[in-house]
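Asks: Need a 3D model of the following:
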Amino acid sequence: MGSRKKQKILDFMATCDALVATHTTAAIAQYGYYRGHPVVCLEGEACERYADDLTPTVDAAGIGVERPCVRCGAAAAPDGPDPCLGMLPNVVSACCGHGVEEPYLKFHLSDDRHTGLRGDAALDYFRAQGGGPPG
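Replies: Numbering: from 1, shown residues only. Presented below is the predicted three-dimensional model:
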């Protein structure tokens, strides 16, 4: 991993640490993004929470707590497809990058294996399917 990418990760973790510290002293077990928003998983919990206010990304009924995409402002319906991408054939998971990470997609193969695309190759696939982030 290059030093620039490593520094970006360290900066992201420091931002999450600062956001979470305004609400709790609990330790952070995992860091990540959900539709471009910083999320964390606190030690001893199995749920992901938005780092800014510790709202779970899934409510008690198991329904996604959605926020607008940080890049385009579009919001998904609870548990709906990514608002930037829509439904993509044979895709298990995908992210347009939402302006914060590298775009990717993962295809399901018939024998329980997966393959995928990252970066510009993923963006090209999204566009070919009529989706992808604006701009």
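Asks: Could you give the separation of stretch 33-44 from the chain centroid?
Replies: 8 Å (Cα atoms, centre = their mean, to the nearest Å).
Asks: Can you list the buried residues in it?
Replies: Y33, Y34, R35, G36, H37, P38, V39, V40, C41, L42 (16 or more other Cβ atoms under 10 Å). (Glycine included, C-beta is placed from N, CA and C.)
Asks: ok, which stretches of this structure are strands?
Replies: With DSSP state E as the criterion, the chain has strands at 28-34, 37-42, 49-50, 91-95, 104-108, 114-118.
Asks: Can you tell me the strand partners of the first one and which way each runs?
Replies: For strand 28-34, the paired strands and their directions (DSSP bridges) read strand 37-42 (antiparallel).
Asks: State the mean pLDDT of the partner strand.
Replies: The average pLDDT for strand 37-42 rounds to 94.
Asks: And the helices in this protein?
Replies: With helices called from DSSP state H, the chain shows them at 3-21, 119-128.
Asks: which of these is buried the deepest?
Replies: Scoring these by mean neighbour count under mean count of other Cβ atoms under 10 Å gives helix 119-128 as the most buried, with a mean of 15.
Asks: strand partners of the helix or strand bottoming out on mean pLDDT in the chain, parallel vs antiparallel please.
Replies: When the helices and strands of the chain are compared on mean pLDDT, DSSP states H and E, strand 91-95 comes out lowest with a mean of 80. Sheet pairing for strand 91-95, assigned by DSSP bridges, gives strand 104-108 (antiparallel).
Asks: and the partner strand, which residues are buried?
Replies: Neighbour counts using 16+ other Cβ under 10 Å place Y104, L105, K106, F107 of strand 104-108 among the buried residues.
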